[in-house]
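Q: I'll drop the sequence and a predicted model, then ask my questions.
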Protein chains: 2
Amino acid sequence: MTQKQTNPVRRGRPPKNGYSPEETRQRLIRQGIEVFTEKGFSSSGLDEILRQEKVPKGSFYHYFQSKEAFGEAVITEYAQYFANKLDRNFNNEQLSPMQRLQSFVDEACHGMQKHKFKRGCLIGNLGQELGSLPPAYRVQLDSVFLNWQMRLGLLLQAAQEAGELSKDEDTKALSAFFWIGWEGAILKSKLEISEQPIRLFIQYFMRLCR
Amino acid sequence: MTQKQTNPVRRGRPPKNGYSPEETRQRLIRQGIEVFTEKGFSSSGLDEILRQEKVPKGSFYHYFQSKEAFGEAVITEYAQYFANKLDRNFNNEQLSPMQRLQSFVDEACHGMQKHKFKRGCLIGNLGQELGSLPPAYRVQLDSVFLNWQMRLGLLLQAAQEAGELSKDEDTKALSAFFWIGWEGAILKSKLEISEQPIRLFIQYFMRLCR
DNA sequence: ACAATTGTAGACGATCGGTCTATAAATAAA
DNA sequence: TTTATTTATAGACCGATCGTCTACAATTGT
């Protein structure tokens, strides 16, 4: 019926490490997410990313056209990963809408601790770095935020339906406000090496919703 | 009585450009604020800063011990500049306390536009860059925020005295919340090339205060 | 056997932060 | 006046590291 996922007829020199080209590509992107999230795009070298995945430097341009194209793929992958995290929490039928938001926050706090407050949010980090970033990234980052904003907007609408949030509230504006504060909270959380700023922000945000 | 401010007996080769050594130092720091605010610390070279002020590279280490020491001076100067801006607005007796906060916001929005949304806040930018910064910067940046937080805390107390803010509010927590949201708003403002995020944040913050 | 394809390997030039030596221009001491 | 000392300029230079490129190794198809 269907062919094997990896092309059965495969020409050319085989990969030296055990991984298929698609796997290697994916592994590089994953590593890119980690490194760029911690150290930013401009001050991160490809060497570091390649070294960890045991991919020789010369091979990089076999997998990606340039560092810029690589960064684009990294951003896309991170956006996807984060959107999944949002969906997982925001669609949890076990909890009320506002409880789902709280569970997302708890999960994020746990993640911050796990990485010793060194990572935070790739999108936010790159946003601050805009001045030394390829110009095309700006619109990409902006649209990622818009996507998250839409997802939260839906949750807030559900909260309205459930009577947890006044129907007078502008859910679009409120969710835009959330992500504004969120990025600030992540920043201060890294600076203070504490999840307290995140907790503080959420506390006031929740108050705003009552 | 008192000697002239610039030492009257001055040995050694005089500066070539018209500026005194202190002036040159100050000019380099000013330029450093601009460049670091736009492009960050790690991805900015000393060359760029020196070129603009027509200071030869070799002279740099006459004025500063290292790039790290230079950055420290830049942060300190920016913190001072920003604290002055806060004081100028927060101590304006012509306005009520909450009006003073609003006037600060208006001024900041004007500044963002003036620089075409490319600059934002040096402290916030460096905060996001923490992973690739000299470790000593973290505590320095943190203490700058603490200073701003204290200044806003005093204003909020004045607002309480003036009956503009409930005395039940924890002014410390509220001002911490303000700076969290503020940095997020500046970030999104740069991303969207619009002052709308700042306006949106302030709108909700003001609502929280009533 | 030879072309086409695919991944590997390191050379390469540019640029960075930081340091070095040489020197210019002033005053202090001889 | 001459020489020493101080202060600032000037740019060459070094090792490290950046992103990119070219050569080639290893496989399959004809």
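A: Received the coordinates, thanks.
Q: Can the longest helix along chain A be said to contact DNA strand D?
A: Determined from DSSP state H, the single longest helix within chain A is helix A:136-161. No: judged by CB under 7 Å from any atom of the strand, helix A:136-161 makes no contact with DNA strand D; its nearest approach is 13.5 Å. To be clear about C-beta, it is placed using only N, CA and C from the backbone, and glycine gets the same treatment.
Q: what's the following helix or strand after that helix?
A: helix A:171-192 (DSSP states H and E).
Q: follow-up on the earlier one: so is the longest helix of chain A next to chain B?
A: Yes: Helix A:136-161 is in contact with chain B by CB under 8 Å from any CB of the partner chain, via A:138, A:141-142, A:145.
Q: Those, buried ones only, as a ChimeraX selection?
A: Listed next is the ChimeraX selection for buried residues among the residues of helix A:136-161 next to chain B, using 16 or more other CB atoms under 10 Å in any protein chain shown:
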select /A:138,141,142,145
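Q: Make a markdown table out of the residues of helix A:136-161 next to chain B and add pLDDT.
A: As requested, the residues of helix A:136-161 next to chain B are arranged in a markdown table below (pLDDT from 0 to 100):
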| residue | pLDDT |
| --- | --- |
| A:Arg138 | 96 |
| A:Leu141 | 97 |
| A:Asp142 | 97 |
| A:Phe145 | 98 |
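Q: before we move on, the earlier item: tell me what the longest helix of chain A is packed against?
A: helix A:67-90, helix A:97-114, helix A:122-128, helix A:171-192, helix B:171-192 (3 or more CB pairs under 8 Å, 6 or more residues apart in numbering or on different chains; DSSP states H and E).
Q: buried set for that helix?
A: In helix A:136-161, counting by 16+ other CB under 10 Å, buried: A:137-138, A:140-142, A:144-145, A:148-149, A:151-153, A:155-160.
Q: same deal with stretch A:57-67?
A: A:59-60, A:63-64, A:67.
Q: Equivalent analysis for stretch A:109-124, please.
A: Neighbour-count burial for stretch A:109-124 [16+ other CB under 10 Å]: A:109, A:112, A:117, A:119-124.
Q: Return only those of the residues you listed found close to chain B.
A: A:120, A:124.
Q: Now tabulate the buried residues of stretch A:109-124 in CSV and tack on distance to A:Glu77 and pLDDT.
A: Shown next, in CSV, are those (distance: CB to CB, whole Å; pLDDT from 0 to 100):
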residue, distance to A:Glu77, pLDDT
A:Cys109, 23, 98
A:Met112, 20, 98
A:Phe117, 23, 97
A:Arg119, 15, 94
A:Gly120, 17, 94
A:Cys121, 14, 96
A:Leu122, 10, 96
A:Ile123, 12, 97
A:Gly124, 16, 96
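Q: so can I have TSV of the buried residues of stretch A:109-124 showing distance to DNA strand D?
A: Shown next, in TSV, are these (distance: CB to the nearest atom of the strand, whole Å):
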residue	distance to DNA strand D
A:Cys109	31
A:Met112	26
A:Phe117	23
A:Arg119	19
A:Gly120	21
A:Cys121	21
A:Leu122	16
A:Ile123	19
A:Gly124	20
